[in-house]
Every structure is written in C-alpha cells, then in structure tokens.
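Student: Sharing a sequence plus its predicted fold:
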Amino acid sequence: MGIRRKKITDRRREKIEELLRQHPPKEVYRRLAGTRDAVSRSTIYKIRRQQTTQAEGIKAKQEAPKETVIKRQPYEETQHEHKMRELAAEVINEICLPWIGVSFIAELKPPLIIIEDHRGHRLCPPIRITEEGKIEVEVSIRDTEGISLFQQALRGHLNTGGFSDVLSNIELWRQGLADNLLKCHNLLNLVRTELEQAYHTSIPTRDLGQSGFTMDFPITVCADAVEQAKGSRHFADFPYLPEGLNLKFGAFIIYIGSPGEDLKPYEDKHTTLKTKYATHQVTKEIAKQRGELDSIASAIAQALLKFQNMKRLPGHCELCS
C-alpha cells in the first residue's frame, strides 16, 4: 500500500532537499519510511526534479511557497453550551448521600421528601414514596419521562461525547441509594418495634409533644449504630442532657418525661441499643453500601468535572444548532 499523500510543510521539504543533496531519491525514500517525515516516492522524485532543473547561479535551495496563514476567530461558547455546563454542575451537587441522621424514613407513605439544611439548601436528590410504598430517588437527568428538554439535552451530550458511563453510574447510584434507604427503614422498624414491645407503648412518627419516646430515639440509635459499623465515632461526643422533662442526645430530644420521672434508665437503654445494633447484619450492610455509593458518587463527580472543563463541549443533542 502506498503512503498517503500529505501536504508538505516547509520543514519537511527542507529536510528532503537536504537529504537529496547527499543521497539518491531511492535512498531518501528508504530513510524516511516509517518516520513522521515519510512521503511518497513520487513526491521525492518531484522535489528532485525541481532541484535539477534550476539554472546555475540560482540558489540551490529555493524556498518553498509558504502556507497561507488563516487567522481564526476566538472560540465563543453558545448559550446552549453554557447551559449544559451549568446543568452538569447541578448534577454534581445532586449526587450526594443524605446524612445518616436523616436517612431513616419512619413511614413509607407519599408524597415527596425533600431533605434540606437550615438554610433551605437541598442536601440530596428528592426522594419520592410511591402509592405502593416504594422508594424512588429522583436525580434530575435520570432515564425517565418527564425530565426537561435541557436535561434530555445534557443526556445527549454525555451519551455522544464519550461520557455514557456517567449516565449508567448515575442510574446505579440512584437505585443503590433507594435500596439503602429501604434498609435504613427496615433497621429503624427493628429498633422501634423492640422499644414498643419492651415498654408497651407506641412511638408517634411525628412529635406531638406528649410524654414518652420520640421518633428521634430509635433514629439516633440506628444512625449511631451505622456510624460505628463504618468505624466512625461521629456520635461519640454527643452528650446526654436532661433538660426539664426532656432527655436530649446532642440536639435531639429522644424522650419526654413526666414530672418527677427519672430519665437515666432511658439514657442507659439508648446506649445499650446503640451497642447492640452496631453489630447487626442489616447495620453492616447499610454501612458497606454507603461506602460503595460514596465511591460511585466520586467517580460521577470527577467525570462531570472533566466534561464541564473541556474547552469545547463534547457530544451533541437535538437542541444543538
């Protein structure tokens, strides 16, 4: 197969002319074969003919015509491309595990659950409980009907721009988080049921201000147990504080006593349950899975940052002009 014809640059032409002053065309072709300066035999013979037909007294080396320099305009990003980068940044912020302390859903009942901090900033994707009691994590660019045209456009750019793994990882993470939240719900039910049976009571899902256990009692037991299973001491410094009729664990009111009631037995029960459930199989599964989800989220964020920072936005979509 012959060598593909390439436009000869000034540098390459000068090198061939220099070699032709020392060697025959056949030897020049052999020396250049397999290098970046390789050209066809006909090109070498053509240059040789140009050398031999020059009149005496004219420079042996004639400057090759210089290539026309085309002045390119600076690349200007379109509004559409800018919007895609903004959406990628929003997805990075979405792919974040909810804090373990708010991961225990007491009731699997509709509608949407939005987890926010005290400033109203969303801490993770919206969590929807279906009519059938199924947990669904609603990442903005998930593969489903109902997402906006811009979100569909971002999926298009990722799919066609070499970032399709991001979409598959988002789906993996989304389903994994839903499964983890279900495990958290099941663990909460185990602790709650044990308390209710031991004390012949019922723990309300919402704080009604009545005496007895609050839902934060079993929730903080579960949260601390998961952190212990991960090897974390996040809750180790949370103090037990009697405050009037309330028993607090850190900032959480876990028990509301009656006038004159001794709160110490409930503190001891809370400590005992934390230790007991730290080694429970469901707790270990939750802790392990959260670590895996964190790793997937990190890979998604790194890929989206790379997508965001590329000089020219990769891929295309139906909205591209």
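Tutor: It's in.
Student: Tell me the pLDDT of the closest residue to residue 229 other than its chain neighbours.
Tutor: Leaving out its chain neighbours, the residue that sits closest to residue 229 by Cβ to Cβ, 6 or more residues apart in numbering is residue 287, at 3.8 Å. From N, CA and C alone the C-beta is placed, and that goes for glycine too. Residue 287 is assigned 97 on the pLDDT scale.
Student: Neighbours of residue 287, how many?
Tutor: Residue 287 sits with 20 neighbouring residues when counted by other Cβ atoms under 10 Å.
Student: Can you tell me the SS state at it?
Tutor: The three-state label given to residue 287 by DSSP: H, G, I helix; E, B strand; the rest coil is helix.
Student: isn't it right up against residue 226?
Tutor: Yes - using Cβ atoms under 8 Å, residue 287 makes contact with residue 226 at a distance of 5.2 Å.
Student: ok, so what distance separates the residue nearest to residue 229 from residue 182?
Tutor: Distance from residue 287 to residue 182, counting by Cβ to Cβ, to the nearest Å: 15 Å.
Student: try residue 297
Tutor: Counting by Cβ to Cβ, the gap from residue 297 to residue 182 is 19 Å.
Student: quick one: which of the two has more around it?
Tutor: Comparing residue 297 with residue 182 by neighbour count (other Cβ under 10 Å), the higher total belongs to residue 297, at 20 against 16.
Student: Can you tell me how far the more buried one is from residue 124?
Tutor: The gap separating residue 297 from residue 124 is 10 Å, by Cβ to Cβ.
Student: Which neighbours do the two have in common?
Tutor: Common neighbours of residue 297 and residue 124, using Cβ atoms under 8 Å, 6 or more residues apart in numbering, are 96-97.
Student: residue boundaries of the helices in the chain?
Tutor: With DSSP state H as the criterion, the chain has helices at 10-20, 25-32, 41-52, 79-94, 149-160, 164-199, 216-229, 264-277, 281-309.
Student: Can you tell me which of these is nearest to residue 255?
Tutor: Closest of the helices of the chain to residue 255 is helix 264-277, at 4.5 Å (criterion: Cβ to Cβ).
Student: Next, the angle helix 164-199 makes with the closest one.
Tutor: Put simply, helix 264-277 runs at 140 degrees to helix 164-199, going by axes from the mean of the first three to the mean of the last three Cα atoms, to 10 degrees.
Student: Any idea how many residues pack against residue 248?
Tutor: 19.
Student: any idea how far the residue lying closest to it once chain neighbours are set aside lies from residue 260?
Tutor: Take residue 248 and drop its neighbours on the chain: the residue closest to it by Cβ to Cβ, 6+ apart is residue 241, 4.4 Å away. Residue 241 is 18 Å from residue 260, where distance means Cβ to Cβ.
Student: between those two, who's got more neighbours?
Tutor: residue 241 (14 against 6).
Student: got a pLDDT number for that one?
Tutor: For residue 241, pLDDT reads 95.
Student: Pretty sure it sits against residue 251.
Tutor: No - in this structure residue 241 lies outside contact range of residue 251 using Cβ under 8 Å: 9.3 Å.
Student: how far is stretch 155-174 from where the chain is centred?
Tutor: Put simply, stretch 155-174 sits 10 Å off its chain's centre (Cα atoms, centre = their mean, to the nearest Å).
Student: what does that stretch rub up against?
Tutor: 84, 91, 95, 125, 137, 139, 141-143, 293, 296-297, 299-300, 303-304, 307, 313-319.
Student: switch to 7 Å and redo it
Tutor: Stretch 155-174 has contacts (Cβ atoms under 7 Å, 6 or more residues apart in numbering) with 84, 95, 137, 139, 141-143, 293, 296-297, 299-300, 303-304, 307, 313-318.
Student: Now list the buried members of those residues.
Tutor: Neighbour counting over these (16 or more other Cβ atoms under 10 Å) leaves 84, 95, 137, 139, 141-142, 293, 296-297, 300, 303-304, 307, 313, 315, 317 as the buried ones.
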